[in-house]
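Novice: Based on what follows, work out the 3D shape:
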Amino acid sequence: MNKQENISVRKIIANNKLSTRALVLAAIFAAMNIILTRAGVIMLFGGLVRLSFGKIPLILSGLFLGPLAGAFAGLVGDVLGVIINSHGAPMIHPGFTLSSVLTGAIPGIIVILSRKNRSSLFNVITSNIIVLILVNLLLDTLWLSQMYGNPYAVVFQTRLIPHIIIAAINIVVTYPLLKSLIKTGLASDTVRIA
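Specialist: Got it, this is the predicted structure:
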């Protein structure tokens, strides 16, 4: 590991502490994720496309609280969400759980590495685009193609346009919500650099 990579890892660790307040807020974000993902959802194409805004609370938790709390919100939201309403899935799928954890963690990592304010438009857009590409389009498509036995390319094409639209809406919704959360004073807009 070179010196630059070592500095980045130190920054992530130093800016990633879980306090009681952070855990409580992460649990609230997880609850919001469960409600938006399980109750406020439209399933299309035999379950290949899930139209919901359940990723917004996870992205907010990562941006607002950091990668560890974001990952915790994703883990709790997915596991409890499946227990509450599985949408026909027989059990917890570790792939989707990983996707949920990454959805919460990636925005927190971006905030730390960007050296910009938590609520910067750059952080919001970058977080949503990386979650769209890595989680929604690549990983979730892989899990769905394995579950349903459909070719990856077919599932990818089916999911591409709806998830690009949802990501654009997520950006428009996430930015003002994050600004409002920062205004409450629950977290600082600036990120400490170790």
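Novice: residue contacts, residue 165?
Specialist: Contact partners of residue 165, counting by Cβ atoms under 8 Å, 6 or more residues apart in numbering, are absent. Yep, even glycine has a C-beta here, placed from its N, CA and C like the rest.
Novice: name the element it belongs to?
Specialist: Using DSSP states H and E, residue 165 sits in helix 152-183.
Novice: distance between stretch 146-162 and the chain's centre?
Specialist: 20 Å (Cα atoms, centre = their mean, to the nearest Å).
Novice: And the average pLDDT for it is what?
Specialist: For stretch 146-162, mean pLDDT rounds to 89.
Novice: Leaving out chain neighbours, which residue sits closest to residue 132?
Specialist: Take residue 132 and drop its neighbours on the chain: the residue closest to it by Cβ to Cβ, 6 or more residues apart in numbering is residue 167, 4.1 Å away.
Novice: thinking the one you found is in contact with residue 129, fair?
Specialist: Yes: between residue 167 and residue 129 there is a contact at 6.9 Å, judged by Cβ atoms under 8 Å.
Novice: Quick one: name whatever helix or strand follows the helix or strand bottoming out on mean pLDDT in the chain.
Specialist: Within the chain, judged by mean pLDDT, DSSP states H and E, the helix or strand with the poorest mean is helix 3-14; its value is a mean of 55. Where DSSP H and E defines the elements, the next helix or strand beyond helix 3-14 is helix 20-34.
Novice: how about low-confidence regions in this protein?
Specialist: Residue ranges of the chain with pLDDT under 70: 1-17, 40-41, 43-50, 86-90, 192-194.
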